[in-house]
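In: Pasting the sequence and the predicted coordinates here, then a few questions.
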Amino acid sequence: MQYLENGQILENVAVGPDSWRMEIHAPKVVGAAQPGQFVMVSVGHETTDPLLRRPLSIHQAQSDVLTLLYRIVGKGTKLMSIMKKGEEISLLGPLGKGFDVQPTPHHCLVGGGLGVAPLLFLASQIKQRFPDSKLSILLGGRSRDELLVLEDYQQVAPVFLATDDGSQGMHGLVTDLLAKEIDGPATIYSCGPTPMMKGVAALARQRNWPCQVSLETMMACGMGACLGCTVQRAGIAENEEQKYVHVCKDGPVFEAGEIWL
Amino acid sequence: MQYLENGQILENVAVGPDSWRMEIHAPKVVGAAQPGQFVMVSVGHETTDPLLRRPLSIHQAQSDVLTLLYRIVGKGTKLMSIMKKGEEISLLGPLGKGFDVQPTPHHCLVGGGLGVAPLLFLASQIKQRFPDSKLSILLGGRSRDELLVLEDYQQVAPVFLATDDGSQGMHGLVTDLLAKEIDGPATIYSCGPTPMMKGVAALARQRNWPCQVSLETMMACGMGACLGCTVQRAGIAENEEQKYVHVCKDGPVFEAGEIWL
Amino acid sequence: MAVDTSVKIGEWQLANPIMTASGTFGYGEEFTPFVDLSSLGAIVVKGISLNPRPGNPPPRVVETASGMLNAIGLQNVGIERFIAEKMPMIRKLGAQVVVNILGDSLQDYQELAARLDDVEGIAALEVNISCPNVKKGGVAFGTDPSMAAKVAEVVAKESSRPVIIKLSPNVTDITLIARAVEEAGATAVSLINTLIGMAIDIKTGRPKLANIIGGLSGPAIKPVALRMVYQVAAAVKIPVIGVGGITTLEDVIEFMMAGATAVQIGTANFVNPAVSGELVTGLRKYLQENNRKAATELIGSVQEG
Amino acid sequence: MAVDTSVKIGEWQLANPIMTASGTFGYGEEFTPFVDLSSLGAIVVKGISLNPRPGNPPPRVVETASGMLNAIGLQNVGIERFIAEKMPMIRKLGAQVVVNILGDSLQDYQELAARLDDVEGIAALEVNISCPNVKKGGVAFGTDPSMAAKVAEVVAKESSRPVIIKLSPNVTDITLIARAVEEAGATAVSLINTLIGMAIDIKTGRPKLANIIGGLSGPAIKPVALRMVYQVAAAVKIPVIGVGGITTLEDVIEFMMAGATAVQIGTANFVNPAVSGELVTGLRKYLQENNRKAATELIGSVQEG
Ligand SMILES: Cc1cc2nc3c(=O)[nH]c(=O)nc-3n(C[C@H](O)[C@H](O)[C@H](O)COP(=O)(O)OP(=O)(O)OC[C@H]3O[C@@H](n4cnc5c(N)ncnc54)[C@H](O)[C@@H]3O)c2cc1C
Ligand SMILES: Cc1cc2nc3c(=O)[nH]c(=O)nc-3n(C[C@H](O)[C@H](O)[C@H](O)COP(=O)(O)OP(=O)(O)OC[C@H]3O[C@@H](n4cnc5c(N)ncnc54)[C@H](O)[C@@H]3O)c2cc1C
Ligand SMILES: Cc1cc2nc3c(=O)[nH]c(=O)nc-3n(C[C@H](O)[C@H](O)[C@H](O)COP(=O)(O)O)c2cc1C
Ligand SMILES: Cc1cc2nc3c(=O)[nH]c(=O)nc-3n(C[C@H](O)[C@H](O)[C@H](O)COP(=O)(O)O)c2cc1C
Ligand code: FES
Ligand code: FES
């Protein structure tokens, strides 16, 4: 079930360079949320510029509180960052198809940049549902500044780090980290920049790891109405008009093999 | 001289129903300001809706501090009201032709609704320049709620009040108040709703009082560039294209006889 | 006080003037969590062509100042599967349903109208003529009065239902097209479709849309849409349906005062998926508060001079 | 690194591509507190007609979503007093000055061009053809290729200076008009003029503009302007000057990538009277940071597909 809910902002704080975390009291959305799903957020102020809602992953959803982790990249996220505690914010969600979590010896979460956002909610839920199976979180970034809210992840599971500049954790890409740290059967849940997910998916194919990736595209509606958020399906579709899938409805999480990364 | 100045907001508080006062540190604008002039205010937030600056009268200009008194009537003024102390606000001004203050036995300021805004600055300056001549302030409103920041006026000169509903001061229109309280030679400075100024101007004509009125129109530029802010000149203009005057440049203050009210 | 919100488009009576715009409301079902579809005047489903269309490659949408550009490329399942798979679901929605059709040729339009005529649960047809006429070197049907009239004629001939011709705003004089389709037998006209626009990503030096150009919609185009509705309402006798940037109740009133018998809500559905239902309630409230007995009193009530 | 920001319109060399748009920059003097006019590529003064025009009654302007409507009615002092009273002041501004002219008839345009040709201190003429041709029942010159071409022809014949024809966007195919005026001898085309729009005050039930309809400008129309510049640049060989919603440096780059040799800043001057000068500095900085040797490298550099 999807809701249009006016949540109340409980906290809106900077957690890194241009990176913010917003906590919102939103019982309806939280009640229905699954890891990997997202919400369309109205950046408000009653103006028509920016016009459209902004898609943001559900970073965490616990006891009526929805948490968003967002980076300021333009007008909309800038307007979000000046919203104050106590203000209302309009949410549409939860939206999309989240991660498909099945029993597996080793749940391995791989995130890069702000792709880390949905992994916290995912990790918490895996730990809850499969307390006995192994759970690892691998995070990468250009530099230590990009490794956000690490403590939150560390509270849930062992965290392995990599930075392009070596300022924290392993010096290199998160894919190298994945190759190094993980062996044996595992399931990969990945999100982040497309090049990174490509690398992760390629490695997973080699090692025969099932791999799910979470995609981002421009979105107008977030709910399957505008058909604006297409990515191309891998292989040949039986019906011409099934050449594309829609990230907001068929995704944002896909089997890596399902789509062209 | 006109300036484009980023002033710093020192205070932005509600002073009545939907009515706010903003104090801004703006030395350049204040340095050049004359009573009756106005500023074009950017309602900011980097959005293009609202697009245009908003014209607001200079309510007071003292020791580097510009004060605006504004009523929330739409998007722009709403956005102004959520601006916080310490934020910057872009000002264009001082703009237009203000009140022409000449020696006279009795300076009589007549304001209605938010037309009161420019009268405080005017009163202070008259008192300063002509300490010995008589100075009276007549203010009217629909009800007591509309009589804003009275103390500020009372500090400068005797204030006479009228309300349509009699909730404060005389029960009636400010024009009745004017007819009742003022006799003998005087100069009238008036601003407020057009019907009110019409009444004031009519009475002034009867009594042979010189009368200046401050007008409002829609404005795009506020500086004589768009020709959008026209009102019709009274009588026949010798040149066809002088049929209209421009409130932002030829005004906002006019001799009552100069224009069609 | 009881107010009558109903309006008529030809013989077809709508409970109120609030419709949704084609391509912005899916097949309706997506909005059932937010709107009681039976409370709307009507919903217009996304454009259907003879054969399935995959649509354009991504990116397909980009935001602009108070608007958005789209180049969806008319992706749809085709008439076959629309009738077989979508219509059964659509009938269950309990809404007045308008089916929007598009084609590359007169024959396309004719066949689509014919195939749909004996399909149950359709209240009216809306004909998108902003599509390139392949036989005429890709000139849009909607930019030429005679081509537009021919489309209206063949569809009206094949269809026993009201036929709404949806006009393109990318023309020198939209009243010429409106008059042409009126004479050709259109029951009503709806306008405007999107203005053609473009945006460039200066970082990559490429157009922001894979299709290079796209359709501009949203509040940005409202003044142009309102002006065209005003002009067309003065030029034709058939009902005019206003579309273009309508977001608030004030917008709805403006379009009706300008001469619109009904309005369609498009891009605003993306910003607030509940908006169409809210406007139905808002309109009733407005009519009561302004002592209007009927929504029809608003139509063309603007006073000049 | 030294960068060359200059561009050429015919024989006329501009220090940079940043111009101001007619009717939004007064006669220049209003902006001297905020902009060093000599630093701009050029300024375009407000439209001049043969006889003085009082303009339209108020209200003349109204804000819309990310835009504004204006119906100034081409108020101006007329050619006589323009030459006698305004030009002496304008010459002192130290700016490259383009004079924008408008008329009701071919004769008007011809006479205006003739009268201005021996006036000193004018760099080029811009011809506003979005005006009604009184002899042709008020159809705008700019909506008909042959009428537009005739205007271009007579003005080019009378003028020894570059002649810029300013195109109206309210047409089905703007490239037809552009090609027609190119053949008729125009040195360059500038586009777009305003889109025709309307707004209604629902409280009074009257149009918000006394003139009922007006011209839509500002960021709202930028996607339409950019698309038309892109199409026209591909259709003609003469330089194209981009106008329409340009506010930021990014906008300037987009228009040049789409094919504009220069750009004009209009409504943005009202929002930030210093913007034109800021864009000159910003463009130089951008070229340096992106290792471009010359502004001309940007022109038409957009890559399709
Ligand atoms: C399903 C989904 C989940 C997302 N989750 C998060 C998240 O948890 N945290 C986070 O910080 N961001 C997330 N994003 C990206 C986020 O939506 C964009 O950064 C945001 O919309 C930018 O808005 P803006 O107004 O600040 O920037 P704009 O001014 O709109 O654009 C600035 C830049 O951001 C790019 N951009 C704009 N919209 C998107 C978009 N929808 N996807 C990708 N790039 C875009 C533009 O191309 C432009 O280059 C997610 C996107 C999707 C589709
Ligand atoms: C010279 C001058 C001085 C002014 N001084 C003051 C002042 O000291 N305090 C104050 O509260 N207001 C003042 N005003 C009016 C003020 O400019 C408008 O109330 C304001 O621009 C409305 O902006 P908005 O976005 O909130 O409303 P909008 O959403 O823009 O409009 C809401 C309503 O206000 C009306 N409106 C919009 N702009 C104007 C305008 N420029 N003049 C009159 N009505 C308008 C609109 O027609 C509409 O009905 C002054 C206007 C002028 C021209
Ligand atoms: C994403 C999108 C898809 C659209 N698809 C169609 C379509 O298939 N057929 C059609 O006639 N109009 C289509 N339109 C145009 C709208 O129906 C409407 O005419 C236009 O968007 C203007 O209204 P608005 O500003 O309220 O959106 C589409 C518009 C958008 C934004
Ligand atoms: C208030 C106003 C007055 C204008 N007057 C003229 C004019 O006299 N002649 C002309 O050719 N264009 C005129 N224009 C059109 C502008 O020059 C420009 O083409 C249009 O506004 C689009 O650019 P913009 O969106 O940057 O404003 C005027 C525009 C505005 C807003
Ligand atoms: S964003 Fe509209 S369909 Fe996906
Ligand atoms: S507001 Fe532009 S000229 Fe007065």
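Out: Right, received. Where do you want to start? Ligands and ions are numbered 1, 2, ... in the order given.
In: Taking chain C, what residue is nearest to ligand 1?
Out: Residue nearest to ligand 1 within chain C: C:Glu63 (5.9 Å; CB to the nearest ligand atom). C-beta: built from backbone N, CA, C; applies to glycine.
In: Average pLDDT for the helix or strand containing A:Gln212, rounded please.
Out: For A:Gln212, the host element (DSSP states H and E) is strand A:211-214. In this model, strand A:211-214 has an average pLDDT of 95.
In: which stretches of chain C form helices?
Out: C:78-81, C:87-91, C:106-117, C:145-158, C:174-183, C:222-235, C:249-257, C:268-271, C:275-289 (DSSP state H).
In: And these: which comes nearest D:Lys293?
Out: Closest approach to D:Lys293 among these (CB to CB): helix C:222-235, 40.5 Å.
In: still on that earlier bit, thought the residue of chain C closest to ligand 1 was touching A:Thr48?
Out: No. Contact between C:Glu63 and A:Thr48 fails when scored by CB atoms under 8 Å: they sit 10.7 Å apart.
In: of those two, who's got more company?
Out: Between C:Glu63 and A:Thr48, counting by other CB atoms under 10 Å in any protein chain shown, A:Thr48 is the more crowded of the two (28 against 21).
In: I'd like to know how far that one sits from ligand 2.
Out: 12 Å (CB to the nearest ligand atom, to the nearest Å).
In: For stretch C:61-77, give the mean pLDDT please.
Out: 95.
In: What of stretch A:2-20?
Out: 95.
In: So it, near chain B or not?
Out: No. Judged by CB under 8 Å from any CB of the partner chain, stretch A:2-20 and chain B are separated, with a smallest distance of 14.0 Å.
In: just how off-centre is that stretch within its chain?
Out: Centre-to-centre, stretch A:2-20 and its host chain are 15 Å apart (CA atoms, centre = their mean, to the nearest Å).
In: Run the contact check for that stretch versus ligand 5.
Out: No. Applying CB under 6 Å from any ligand atom, one finds stretch A:2-20 separated from ligand 5 by no less than 13.1 Å.
In: in that stretch, what's buried?
Out: A:Gln2, A:Tyr3, A:Leu4, A:Glu5, A:Gly7, A:Ile9, A:Leu10, A:Asn12, A:Gly16, A:Ser19, A:Trp20 (16 or more other CB atoms under 10 Å in any protein chain shown).
In: Next, the contact list for the residue of the stretch 1-150 of chain C found nearest ligand 2, please.
Out: Nearest to ligand 2, among the residues of the stretch 1-150 of chain C, is C:Ser66, at 14.2 Å (CB to the nearest ligand atom). Applying CB atoms under 8 Å, 6 or more residues apart in numbering or on different chains to C:Ser66 gives the contacts A:48-49, A:51, B:48-49, C:218-220, D:65-67, D:219-220.
In: hmm, 7 Å instead?
Out: C:Ser66 makes contacts with A:Thr48, A:Asp49, A:Leu51, B:Thr48, B:Asp49, C:Gly218, C:Pro219, C:Ala220, D:Ala65, D:Ser66, D:Ala220, as judged by CB atoms under 7 Å, 6 or more residues apart in numbering or on different chains.
In: What does the third one show for phi and psi?
Out: Backbone torsions for A:Leu51, taken as degrees, to the nearest 10, come to phi -90, psi -50.
In: Would you confirm that it contacts C:Thr64?
Out: No. With contact defined as CB atoms under 7 Å, A:Leu51 does not reach C:Thr64; the gap is 8.1 Å.
In: hmm, back to that, kindly state the beta-bridge partners for the residue of chain C closest to ligand 1.
Out: The partner list for C:Glu63 in beta bridges (DSSP bridges) reads C:Met68.
In: now swap in A:Ala61 and tell me
Out: Going by DSSP bridges, A:Ala61 forms beta bridges with A:Leu66.
In: Do I have it right that it meets A:Phe121?
Out: Yes. If you go by CB under 7 Å, A:Ala61 and A:Phe121 touch, sitting 5.8 Å apart.
In: any idea how far A:Ile188 is from ligand 5?
Out: Counting by CB to the nearest ligand atom, the gap from A:Ile188 to ligand 5 is 25 Å.
In: My error: substitute A:Tyr189 in the last question.
Out: 22 Å.
In: same check, this time on A:Leu227
Out: 5 Å.
In: what does the stretch 101-250 of chain A put close to ligand 2?
Out: Counting by CB under 6 Å from any ligand atom, the stretch 101-250 of chain A has no residue next to ligand 2.
In: wait, what's in contact with C:Val252?
Out: C:Val252 touches C:Ile246, C:Val263, C:Leu279, C:Leu283, counting by CB under 7 Å, 6+ apart.
In: Break down chain A into its helices, ranges please.
Out: Counting by DSSP H, chain A has helices at residues A:27-32, A:75-81, A:119-129, A:150-154, A:174-181, A:194-207.
In: between the helices of chain C, which one is nearest to C:Gly41?
Out: So among those, helix C:275-289 is nearest, using CB to CB, at 7.7 Å.
In: is that closest one up against ligand 3 anywhere?
Out: No. For helix C:275-289, no contact with ligand 3 is found by CB under 6 Å from any ligand atom; the gap never falls below 10.2 Å.
In: now that helix, how far from the chain's geometric center?
Out: Worked out by CA atoms, centre = their mean, helix C:275-289 lies 20 Å from the chain centre.
In: Determine the set of other helices and strands touching that helix.
Out: Judged by 3 or more CB pairs under 7 Å, 6 or more residues apart in numbering or on different chains; DSSP states H and E, the packing partners of helix C:275-289 are strand C:18-20, helix C:249-257, strand C:262-265, helix C:268-271.
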